[in-house]
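**Student:** let's see this in three dimensions:
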Amino acid sequence: MPVKAELDAIDWKILKELQDDGRMTNVELARRVGISAPPCLRRVKRLETAGIIHGYRALLNAPALGLDVVAFCLIGLHRQSDAELKAFAESARNWPLVREAWMVSGDSDFLLHCVAPDLGVFQNFVIEELTAAPNVDTVRTALTIRQIKDDGLVAIE
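**Tutor:** Numbers count the residues shown, from 1 in each chain. Below you'll find the model as predicted:
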């Protein structure tokens, strides 16, 4: 797989360490990747400026916050014109229960990752928001049973 950015072994180590623990100090990060703190900070800033690192966030425990339902929704639209795809994407951005949304190929047009406090709230969202949204043809849902893996989005050797 060709890499679009010019990254050396230290850059890859930095990315792996930050993906595993984005809260560590620069001094700790530098220690883990085997360089001193000033060049480590310069490298992180360069990776941020280049858009390779595009943000930091806390990962929250949804069940501990009373959000017990995680589901995925596959959405098919009647029409797939650019305007219709953009309109649905904008709707997805505005639904608080939708935590991630992907435009996909195949039998569906969008995949939505949804998190809700309970089944009733999720069902109301599906019936009152998703199926009622303009241009929506099909909505297929999959309730999750248990998460079995939660790694960062990028596999780094």
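
**Student:** now the spatially most central residue of the chain: closest residue in space, sequence neighbours ignored.
**Tutor:** Nearest residue to the geometric centre of the chain (Cα atoms, centre = their mean): Glu100, 5.3 Å. The shortest distance from Glu100 to any non-neighbouring residue, by Cβ to Cβ, 6 or more residues apart in numbering, is to His113 (4.0 Å). Bear in mind the C-beta positions are built from the backbone N, C-alpha and C, glycine included.

**Student:** could you check which helix or strand contains that neighbour?
**Tutor:** strand 110-116 (DSSP states H and E).

**Student:** the residue nearest to Glu100 is in contact with Trp95, isn't it?
**Tutor:** No - using Cβ atoms under 8 Å as the test, His113 is too far from Trp95 to be in contact (11.3 Å).

**Student:** please name the nearest non-neighbouring residue to the residue located most distally from the centre of the chain.
**Tutor:** Computed with Cα atoms, centre = their mean, the residue of the chain farthest from its C-alpha average is Ser36, at 31.7 Å. Closest residue to Ser36 apart from its sequence neighbours, by Cβ to Cβ, 6+ apart: Ala30 at 5.8 Å.

**Student:** run through who's touching whichever strand or helix holds the one you found.
**Tutor:** Assessed by DSSP H and E, Ala30 sits inside helix 26-33. By Cβ atoms under 8 Å, 6 or more residues apart in numbering, the surrounding residues in contact with helix 26-33 are Ile10, Lys13, Ile14, Glu17, Leu18, Met24, Ser36, Ala37, Pro39, Cys40, Leu41, Val44.
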